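Trainee: got a predicted model here, sequence first, then my questions.
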Amino acid sequence: MDKKDFFSSVDLQQKLLKEESFQLEDCTSKETGRWYVEINKEKKILPLSSVLFTTSCLHIIGFKSSDNIEKNLKFWLSRIHSDDINILKKIVQEYIRKQNPSPIQLEFRLQHKNLSWRWIELYGTVVSLSKKNSCFGGIIRDITEEYKLKEKIKGQLLFQQGLLEVLPHPVFIKDGSARFISFNSAYEKAFGINREDLIGKNVMDLDYLPLEDRIQYQKEDMAMIATGAITHREIDFLLADGKIHHCLYWSCGLLDSERKNHGLIGLIVDITEQKKTEQELVDKIKEINEIKAKIETISKIDDLTQIANRRCFMETLKRNISIAERHKSPLCLLMADLDFFKLINDKHGHTIGDKVLVHFAKILKESCRKEDFPARSGGEEFFVITPMTNLSGAKAWAKRMQDKVRKTKVNGITFTISIGVVEYIENEGIHSFLKRADEMMYKAKDLGRDIICIQDKKTEEVD
């Protein structure tokens, strides 16, 4: 059969048009056409090889059957894009030579009648016509719009991947089955992995994470993907540098408008340095507060005797008076002065005098209840505030103190104290209260020292 008559037989044409190698729903549409090309005895396709095609093939590139297109391959080869034709020829000839039974799929550009370029998808296979004759045939489909959409999506994906790449923090994306579909370079660097090794795998495949963590992450991932939930927390990761890094972990399930799951995106931010700075700041604030507390303590404590000084005493007395006024409860104040203390200093020196003061303050503090408040007013004068204590109780406390002091020796030196005891009178105020205590203490001095003088609301008593 010569070239001129290769597809001239009506029976052969009908056979080819019914060929079931390609399953087409509509071979007459403008978007899809069926075609066949003669294969010569040398198993080659030549430019002048005969071609059989449906009118749909012409419609795809803007021609009509009335345009009298030649029935050979030359016309079609002339309309293939120059960047595609050599590759296309080579692939098809190799396919025919190897007699591959599986259909071949190719994409290339054909020039439209209006000189624009249309992207074509070709499915082809070798069709045996007889023992000696065969042809290469199949379908072509206009995929220009699909190609444009695919390129647009590809561009968007490249843009999105570019965005991920410029982020300085590790980012990962997973599909609806919680399998990795993308990483950025920061993730590869942080965990010391190659993204290609993990694409298509899930978190259970990440050997660099502890098994318990992987199980937890997998459950969490599937829950977020199903609900579109967001999770964020601080977590420690062992990174590629072999060190534990404190990180902020954030991930979010992705759903479409119909609440169907699409996947998940996650972000990891290394906040190790920030946490270190934060801890240093916490430690510094703690140190400052401790210094502040020490300064506050020093400002309220008598440096020599280590009991409250006059400033602290005055603040405490005001609070106790306020409580006594509010609850109508008893409140007493004792003022004690070491007898002949100047003589002790003159005779034994100030060092011994200081020891006497310190020892007396110790006795004072040990004798107080938890609610009592001892303080040094200055020099050899001391106060004791006794809340919830009436005059009788304060008197008993003063006598016990006086007896302890009488039995005390400091470097072989004995000493005594004079004490004034008063009970707060409602609404009298702090200055009156202090004045009466001072008067009772000096009265004890005047009466011979080592004496307790007590002033009731109406009377005075000497013990």
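Mentor: Cool, got the structure.
Trainee: from here on, contacts and neighbour counts on C-alpha atoms
Mentor: Will do.
Trainee: now do the helices in the chain.
Mentor: Along the chain, counting by DSSP state H, helices occupy 10-17, 55-60, 74-78, 82-98, 144-166, 185-191, 195-198, 211-227, 272-300, 310-327, 341-348, 350-367, 391-406, 430-446.
Trainee: just say which of those helices is most tucked in.
Mentor: Mean neighbour counts were taken over these using mean count of other C-alpha atoms under 10 Å, and the top value, a mean of 22, falls to helix 55-60.
Trainee: other SSEs contacting that helix?
Mentor: strand 32-39, strand 134-142 (3 or more C-alpha pairs under 8 Å, 6 or more residues apart in numbering; DSSP states H and E).
Trainee: repeat that with 10 Å
Mentor: strand 32-39, strand 117-128, strand 134-142 (3 or more C-alpha pairs under 10 Å, 6 or more residues apart in numbering; DSSP states H and E).
Trainee: mind listing what Asn427 touches?
Mentor: Taking C-alpha atoms under 10 Å, 6 or more residues apart in numbering, we find Asn427 in contact with 321-322, 324-325, 433.
Trainee: can you list phi and psi of it for me?
Mentor: Here is the backbone geometry of Asn427 (degrees, to the nearest 10): phi 70, psi 10.
Trainee: could you report the pLDDT at it?
Mentor: Asn427 is assigned a pLDDT of 91 by the prediction.
Trainee: and Glu42, how close does it get to Ile96?
Mentor: 10 Å (C-alpha to C-alpha, to the nearest Å).
Trainee: in CSV, list the helices and strands packed on helix 55-60 along with mean pLDDT.
Mentor: CSV is the format used below for the helices and strands packed on helix 55-60 (pLDDT from 0 to 100):
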stretch, mean pLDDT
strand 32-39, 87
strand 117-128, 90
strand 134-142, 89
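Trainee: out of those strands, which gets nearest to Ile181?
Mentor: Proximity to Ile181 (C-alpha to C-alpha) singles out strand 117-128 among the helices and strands packed on helix 55-60, at 27.3 Å.
Trainee: what is the burial count for Arg141?
Mentor: 22 (other C-alpha atoms under 10 Å).
Trainee: grab the nearest non-local neighbour of it.
Mentor: Counting by C-alpha to C-alpha, 6 or more residues apart in numbering, Arg141 lies nearest to Thr32, which is 4.4 Å off, once chain neighbours are set aside.
Trainee: before we move on, back to that, identify the contacts common to Glu42 and Ile96.
Mentor: With contacts defined as C-alpha under 10 Å, 6+ apart, no residue is shared by Glu42 and Ile96.
Trainee: in contact with Gly429, which residues?
Mentor: The contact partners of Gly429, taken as C-alpha under 10 Å, 6+ apart, are 318, 321-322, 325.
Trainee: kindly report the same for Lys41.
Mentor: By C-alpha under 10 Å, 6+ apart, Lys41 lies in contact with 132-134.
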